[in-house]
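Peer 1: Curious how this folds, go ahead:
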Amino acid sequence: MTIAKLVTSGSFTLDGGTWDVDNNVWLVGDDREVVVIDAAHDAQAIQEAVGDRRLRAIVCTHAHNDHINAAGPLADATGAPILLHPADAVLWEMEYGTARQYEPLRDGDVLEMAGTALRVLHTPGHAPGAVSLHVPDLGVVFTGDTLFSGGPGATGRSYSSFDTIIGSIRDRLLALPPETVVHTGHGDSTSIGAEAPDLEKWIARGH
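Peer 2: Okay, here's the model as predicted:
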């Protein structure tokens with residue numbers, strides 16, 4: 001089982017603003033099959049990274065457009081299902097309307113990939129349907145935009161909540177082993193242990 005990162009570039013649009021962003025696209029699998037976490041910006045580049053492997057699923061950590069804008073074209077090209085927590089339906093529909101469907105991803109779901117379990121943790125705050133994917137066998141968690149190297153994800157835009165994201169980090173992510181590697185939606189990876197001391201300060205600010 002391997003983890004690969006592909007960085008793609010494009011735009012994030014919400015609340016009437018647009019920002020240039022670089023996104024981390026994560027591929028988890030072996031030489032036969034793979035899942036893609038957050039299909040951002042460049043479906044062709046992601047498909048090339050998948051190669052001749054079977055794409056089992058396109059998993060969305062949340063439905064901000066920069067994390068899902070390549071999911072539709074990638075699904076069309078490969079036939080892979082798109083998985084998203086239904087609490088993010090309003091954000092999904094900003095990008096795709098109601099015609100394109102996804103399969104619901106819920107807290108506690110377990111995705112099996114090449115004999116390895118990816119466990120879904122609902123970690124709302126940055127977005128209502130934000131999820132993290134914990135892979136105990138690999139000692140990693142994919143946090144999307146919930147937790148970064150340096151602190152929580154942004155909560156200053158529509159459908160986000162500072163108190164909610166702090167609760168998600170405190171209750172779901174800080175409960176993981178401190179050596180757990182955190183693979184983020186943007187920027188560098190970190191670890192639960194590295195972020196925990198500063199996060200205690202953020203949690204204190206949230207109350």
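
Peer 1: Now do the contacts for the spatially closest residue to Trp19 that is not a sequence neighbour.
Peer 2: Using Cβ to Cβ, 6 or more residues apart in numbering and skipping the chain neighbours, the partner closest in space to Trp19 is Phe12 (5.0 Å). In this view, the C-beta of every residue, glycine as well, is placed from N, C-alpha and C. Listed by Cβ atoms under 8 Å, 6 or more residues apart in numbering, the contact partners of Phe12 are Thr18, Trp19, Val21, His64, Asn65, Asp66.

Peer 1: so which strand or helix has Phe12?
Peer 2: Here Phe12, judged by DSSP states H and E, is contained in strand 2-14.

Peer 1: longest helix in this structure, by residue count?
Peer 2: helix 192-205 (DSSP state H).

Peer 1: Show me what it is in contact with.
Peer 2: 141, 147, 149-152, 166, 169-170, 173-174, 176-180, 182.

Peer 1: what do you get if the cut-off is 7 Å, keeping everything else the same?
Peer 2: 147, 151-152, 166, 169-170, 173-174, 176-180, 182 (Cβ atoms under 7 Å, 6 or more residues apart in numbering).

Peer 1: Now do the same contact list for Gly72.
Peer 2: Applying Cβ under 7 Å, 6+ apart, we find Gly72 in contact with Tyr96, Arg100.

Peer 1: before we move on, the earlier item: and the longest helix of the chain, how far out from the chain's middle?
Peer 2: Centroid separation for helix 192-205 versus its chain: 20 Å, with Cα atoms, centre = their mean, to the nearest Å.

Peer 1: how about that helix: buried residues?
Peer 2: Across helix 192-205, burial judged by 16 or more other Cβ atoms under 10 Å covers Ile192, Ala194, Glu195, Ala196, Leu199, Trp202, Ile203.

Peer 1: distance of the first one from Gly167?
Peer 2: Put plainly, it is Ile192. Ile192 is 16 Å from Gly167, where distance means Cβ to Cβ, to the nearest Å.
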